[in-house]
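[1] Okay, predicted coordinates and the sequence, questions at the end:
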Amino acid sequence: MAQTPSTKKPHKTPQSKKRFGSVRPIHPSLNPNSQHPIQVIGRIRNYPTEKPDSTGSLHVSSDDVIRVRTEIGYRDFTLDGVSVSEEEDLQGFYEKYVGPRVKGVKTGGKFTILTYGPTGSGKSHTMFGPGPNQPGIVYKALEDILGNDHTGMIRSFVQVSVMEIFNEEIYDLLPLLNGCGTLGHKGNSSKVRLEVMGKKVKDATFITGNEAGKIAREVAKVEKRRSVKSTNCNDRSSRSHCIIILDVPLVGGRLMLVDMAGSENIEQAGQVGFEAKMQTAKINQGNIALKRVVESIANGDAHVPFRDSKLTMLLQDSFEDDESRILMILCASPDPKEMHKTMATLEYGAKAKCIVRGCHTPTKHDAEDSSSQVILASRIAAMDDYVNKLQMEIKRKEKETNEAHSLLMKKEEEVAALRTKIEQIRSKAPVVSEEEINLKVKERTQNLKRELDKKVQDCLKAADDFVEMGRRRMEEKILQQQEEVEMLRWRLEVMESELIRSNVCLSTEEEDSFTLLSPLNWTAEEDSFTLLSPLHWTAEEDSCILLPQFPEKVCMSTEEEAVEEKAVQFSRKTGDSILGVNLDISSMFVTNNESANPSDAASARKNRIQNIFMLCGHHRELTHHVKMPTSPSKKKPEADENNSSPFLLNQEHISESLVKEISTQTVLKPEFKACNILSDLTQENTTKSSNFETLAGQKAIKSQPKDDFKEKDKPEEQNKNSVDVVVKWETSTDYPGKFITKLTVTKDSSLADLRKLIVKHLDEDHGNHGFTFLMLGDHSGAPVAREKETTVQAINLPICNNLSVHLACLRVRRPVQRPTHLPFTSLGNTMLNTSNYSSPFVKHAESFSPKVFR
Ligand SMILES: Nc1ncnc2c1ncn2[C@@H]1O[C@H](COP(=O)(O)OP(=O)(O)OP(=O)(O)O)[C@@H](O)[C@H]1O
């Protein structure tokens, strides 16, 4: 959009107009230096509706430039002045733009004021004012010309004509004229159509007067007689051009006020019917004709179509008279909906501003300047100026376009960069489909399941191993126990063989009963006795208590399990068993009744022998550990006095009693072990040994001179650091407790050291076979393993009697024959099948969640 060429205000750049020097000076009341006969002022009315919040489409800057914004851009119009109604009321507008020009009329100036604009833009509002309180230009001009001074000064008088052009006909709105300046009233029907002769109206009615108020009231009355009609654009739309001519005859001044009809199209006016449309067309005819005239004058056309309409015919003088000036007031609405009309109005005013005095307006005073050359030159100059301005506008627009283009390119680059970034982000984070997610979940699940299966398998395997290990240990235990049983059996056989070879033979036919007391307690009463293991002597007379050092438990196993516990107390009267060993002690005795039945007596005798084996066989070795409470040197038991200590065993008494019983009552078989013991005990009694010694110990001691064991014979130092060890064989068939030697070793000597010394005293045969130390005192004989001999000291060997002599009992090493059968039934020997058996561990593993399906 091009910026309209603007005419600088006189007070701003008056010199700029001198280049058009061909124009004669104009009336000083109008701009004398201006060559533009038409000045254009814009007036922006109030918003017809509520003012919008956003920036309006019409913007007025301080340098009288109106910028109109539309959908496609904006356009600036530079006018001679712009007044915004909201900021400047009608009086202010008049005083600023109209009053100075009107005042020249009083001195003979010719001035034409046109209000131009679309319908409803405020033309009538500006020309006549909204009411008496706010008079429009007409009434203010009357006041200015006539004044309100009533001081008697000579005042000018005016002639006022009011007419309208309706349907291209001129009607006189002042039909009746009385002489004193009053108006005659003929009503609407009395409108008189006037004829135009040349440039003037013929026989037009006028009113004269010098009182502005009076005339103003009359004008106001006839103004009401204008042809108005309600349209879509205006409730009281002026359907005619109203022309008020105010002459000042005395000075030749003239003021022509033209309120034009609205320049609207027919559709917008909502006119229906042929007549209405013709009306609107006629109204527009005046506007269009005026437009053409303006354009023609501006273009310097040779022909100006003044005669195209009545309006232009009447305005011809205003355009052609050099003394005449035109003030065009462009009325516009700030309503965005009216922008296209506002734009057209301003374009029209811009054209009018281009009008300069041309050849068709020759003046009487400057005839010589009317040559066509000068006129053309001025026109060319004006047009050049206009072209230059257009070119500058084009450049500016191009520059703006370039800037906008570069901005656009920049934005496009940013958009492209953002798109690239988005693509990169998308490429970096590929969209994972649901199928892929499911696939991964499935794969992960399978992996977990596999791991779980593997763990379960491991657990099952560990459980199987555990069970297998338990089974093996159980088997080992069974084998060990079988070995022990075998050992016991072997020992039993040895004892039996010893018994057979024994010289002690008791006749079973002659004796009815016997009483065994070794180490049994014989109470001397006929019907009762007490068997204790450990033995407990309870008789009041000749009582003794045998309290072994060894614990009360008698075990077959040397390791973990107590096979059997034997602590039996028998009463002949009650015959009950305290600890549950079904040892038929009564069967140990041969009664008279038994002799009646030889077969029963034989079986009873066998039972007795077996039971005695059980009792005596194990305790035979244990008697080595009977710890005497007093040393043998200090306290020696005496046979003929009651022993006050319960820990002392009155062996003499026992021996005598037993011998007596055996000789008088008891008849035992040769294998009866007790005989052997009794024999030993009897022998020991004869040697007056005060201590209760084992059979092997006694034999070992007997083989040595008695004096060898006396402490007093040894050096004191040696006695402190050394110990004596009596070495003998274990009582067996081959070596029935044979004494080997007696050794003196240091206290810290181990069995391994002892072994080295012993080997020297053995013959080759025994040395080759080897032997094992028996840790006597242990219920099973406690053979000391070869590898443990270094850890067992000699002083740990059992004390032999009360002589502080240790006893090293050796057992010949024999190859152990493994039992060919297990001591359990086939059912008992069957281990649990772990594959079918759900152990608690497996149950626990299977109770894991989720379930593992195998
Ligand atoms: N500046 C203004 N401030 C307030 N109201 C205005 C203003 N201009 C116009 N109006 C109001 O707008 C309405 C139309 O105005 P007006 O009759 O003057 O328009 P117009 O241009 O003469 O229209 P038409 O060409 O149809 O006669 C009127 O009611 C008037 O009071």
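    Arrived safely, thanks for sending.
[2] Tell me who's in contact with the residue in the stretch 101-250 of the chain that the ligand sits nearest to.
    Closest residue of the stretch 101-250 of the chain to the ligand, Cβ to the nearest ligand atom: Gly122 (2.6 Å). Where you see a C-beta, it was placed from the backbone N, CA and C, and this is true even at glycine. By Cβ atoms under 8 Å, 6 or more residues apart in numbering, the residues touching Gly122 are 43, 45, 85, 331, 333.
[3] Val251 too?
    106-108, 156.
[4] Name only those of these that count as buried.
    106, 156 (16 or more other Cβ atoms under 10 Å).
[5] Might you enumerate the residues of the stretch 51-200 of the chain proximal to the ligand?
    Applying Cβ under 6 Å from any ligand atom, we find that the stretch 51-200 of the chain lies next to the ligand at 85, 117, 119-125, 130.
[6] Of the residues you listed - the most surrounded one?
    Gly117 (31 neighbours; other Cβ atoms under 10 Å).
[7] so what's that one closest to, chain neighbours aside?
    Leaving aside its sequence neighbours, Gly117 sits nearest to Cys331 (Cβ to Cβ, 6 or more residues apart in numbering; 3.5 Å).
[8] Burial check on the one you found, number of neighbours?
    Neighbour count for Cys331, taken as other Cβ under 10 Å: 27.
[9] Return the backbone torsion pair for Asn46.
    Per-residue torsions, Asn46: phi -70, psi 160 (degrees, to the nearest 10).
[10] Just confirm it contacts Ser85, I think it does.
    Yes - counting by Cβ atoms under 8 Å, Asn46 does reach Ser85; the two are 5.1 Å apart.
[11] Output the residues of the stretch 51-200 of the chain next to the ligand as a markdown table; include the columns pLDDT and distance to Asn284.
    Shown next, in a markdown table, are those (pLDDT from 0 to 100; distance: Cβ to Cβ, whole Å):
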| residue | pLDDT | distance to Asn284 |
| --- | --- | --- |
| Ser85 | 89 | 26 |
| Gly117 | 89 | 13 |
| Thr119 | 83 | 11 |
| Gly120 | 85 | 15 |
| Ser121 | 88 | 15 |
| Gly122 | 90 | 19 |
| Lys123 | 90 | 15 |
| Ser124 | 89 | 17 |
| His125 | 91 | 21 |
| Pro130 | 87 | 26 |
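[12] could I get those residues as JSON lines with secondary structure?
    JSON lines is the format used below for these (DSSP: H, G, I helix; E, B strand; the rest coil):
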{"residue": "Ser85", "secondary structure": "coil"}
{"residue": "Gly117", "secondary structure": "coil"}
{"residue": "Thr119", "secondary structure": "coil"}
{"residue": "Gly120", "secondary structure": "coil"}
{"residue": "Ser121", "secondary structure": "coil"}
{"residue": "Gly122", "secondary structure": "coil"}
{"residue": "Lys123", "secondary structure": "helix"}
{"residue": "Ser124", "secondary structure": "helix"}
{"residue": "His125", "secondary structure": "helix"}
{"residue": "Pro130", "secondary structure": "coil"}
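[13] Out of these, which is nearest to Gln480?
    The shortest approach to Gln480 among those belongs to Ser85, at 128.4 Å (Cβ to Cβ).
[14] What strand or helix carries Ser318?
    Taking DSSP states H and E as the criterion, Ser318 maps to helix 310-320.
[15] what's the burial count for Gln39?
    As a burial measure, Gln39 scores 24 neighbours (other Cβ under 10 Å).
[16] now Asp458
    If you count neighbours by other Cβ under 10 Å, Asp458 ends up with 11.
[17] pLDDT score for it?
    pLDDT recorded at Asp458 is 95.
[18] With Pro819 instead?
    Here, the pLDDT recorded for Pro819 equals 51.
[19] all numbers from here: first residue = 49
    From this message on, residue numbering opens at 49, which makes the last subject Pro867.
[20] Any regions of the stretch 99-248 of the chain where pLDDT drops low?
    Within the stretch 99-248 of the chain, the ranges that satisfy pLDDT under 70 run 99-104, 196-203, 223-238.
[21] Let me see the ranges of the helices in it.
    Counting by DSSP state H, counting those that start in this stretch, the stretch 99-248 of the chain has helices at residues 138-141, 147-150, 171-176, 185-194.
[22] Which residue comes closest to Lys248 once chain neighbours are left out?
    Of all residues not flanking Lys248 in the chain, Leu362 sits nearest, at 7.5 Å (Cβ to Cβ, 6+ apart).
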